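Asks: prediction below, plus the sequence it came from.
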Amino acid sequence: MDINDKSKTKSYIAATDRYGHMVYNRSGKSGVLLPAISLGLWHNFGFVDNIHNAREVLRCAFDLGITHFDLANNYGPPFGSAEENFGTIFKADFKPYRDELFIASKAGYDMWPGPYGNFGSRKYLIASLDQSLKRMGLDYVDIFYHHRPDPDTPLEETMGALADIVRQGKALYVGISNYQPEETQQAADILKRLNVPFILHQARYSMLDRWVEDGLLSTLEQNGVGCIAFSPLAQGMLTDKYLNGIPKDSRAAKDFTYLDVETVHSNLEKVKQLSSIAQQRGQKLSQMAIAWILRQPQVASVLIGASSARQLIENVQSIDNLEFSPEELKQIETIIS
């Protein structure tokens, strides 16, 4: 597929007012400001997807002031294809804007066969980032994460690899993802000793999944590390999609790994009540769900996916109403606690 087919798209010039509306938050105590809404390329950007649609979404995101694009080595499918497609689009559209972008990649989950393509060894992390940079056509990423804890590799080895990646100029900052509070503190202690800029923890967080409130957010605050929340819409449950049943083309109907029919049914009454509060606020449920996460001072950004530019625009509108009254917060807490 030729991304530069002129019948498909025009050359890209970023909107001149792209910084006029987006909210930017400091990540912990670092110098980095992140857009309140960041774009994740977990879904919709692989070889199985339409690259022209992916290009439209990325252009729309940057025009809206979204400077942070989040990838990982195994995003696709197939593994690596989201980074490769991003690299193609970056070369065509975003190369002149490289210094305005904050690009992330990660390694930690299964990527290639054999004992060196998974978890947290020094060999895996350094080799994986080298591959990611080649796929994306980049000299460096702005942040590189260890994607999940490795119970069998010493944390000193994993964090040491992150430190060397920064010293080699392959990443400016490092982060971790899916670490529990105690593991996060241990990682922070090691990285501090190594004088490595550890600025973000990427964690699953939504109104229906609040595990980060049980110690992680306070641990991050104590260490001057920001939080970036993924799955803020609980795999689509915190949208209008399931209010009137389960659509045949939905994730739940297809019994995806992260969402099934039973989970939707068990949360449906909560979702309907939350939707009612969102309507009173003049928001869609999805917009309120994103705003609710952003009220946490430790949260620098909320990471969303988007299958279309229209969906992205709708979710970015959540920043138009970020304030909650004490009564609204009390109502929401009663529903979700």
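Replies: Happy to help now that I have it. Residues are numbered from 1 along each chain as shown.

Asks: so where is the stretch 1-150 of the chain shaky, pLDDT-wise?
Replies: For the stretch 1-150 of the chain, the stretches with pLDDT under 70 are 1-2, 4-9.

Asks: let me redo that: the stretch 151-300 of the chain
Replies: In the stretch 151-300 of the chain (pLDDT under 70), the answer is 245-258.

Asks: now with 80, please.
Replies: Where the stretch 151-300 of the chain drops to pLDDT under 80, the residues are 244-260.

Asks: elements contacting the strand or helix carrying residue 311?
Replies: Applying DSSP states H and E as the criterion places residue 311 in helix 309-316. Contacts defined by 3 or more Cβ pairs under 8 Å, 6 or more residues apart in numbering; DSSP states H and E place helix 309-316 against strand 37-40, helix 51-63, helix 285-294. Every C-beta, even on glycine, is put in place using the N, C-alpha and C of the backbone.

Asks: quick one: that helix to chain centroid distance?
Replies: 15 Å (Cα atoms, centre = their mean, to the nearest Å).

Asks: could you pull up the mean pLDDT of it?
Replies: What helix 309-316 shows for mean pLDDT is 98.

Asks: quick one, whatever helix or strand comes next after it and helix 285-294 angle?
Replies: Counting by DSSP H and E, the element after helix 309-316 in chain order, helix or strand, is helix 326-336. If you take axes from the mean of the first three to the mean of the last three Cα atoms, to 10 degrees, helix 326-336 sits at 100 degrees to helix 285-294.

Asks: packing partners for helix 326-336?
Replies: Going by 3+ Cβ pairs under 8 Å, 6+ apart, helix 326-336 lies up against helix 261-280.

Asks: coming back round to it: would CSV of the helices and strands packed on helix 309-316 with mean neighbour count and distance to residue 186 be doable?
Replies: CSV is the format used below for those (neighbours: other Cβ atoms under 10 Å; distance: least, Cβ to Cβ, whole Å):
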stretch, mean neighbour count, distance to residue 186
strand 37-40, 24, 26
helix 51-63, 20, 35
helix 285-294, 24, 26
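
Asks: residue 196 is nearest to which of the ones you listed?
Replies: For residue 196, the closest of those is strand 37-40, at 21.9 Å, according to Cβ to Cβ.

Asks: contacts for the closest one next, please.
Replies: For strand 37-40, contacts defined as Cβ atoms under 8 Å, 6 or more residues apart in numbering pick out 22, 57-58, 61, 64, 66, 68-70, 228, 230, 290, 301-306, 312, 315-316, 318-319.

Asks: again with stretch 304-317
Replies: Outside stretch 304-317, the residues touching it (Cβ under 8 Å, 6+ apart) are 22, 37-44, 53, 56-57, 59-61, 64, 66, 232-233, 284, 286-287, 290.
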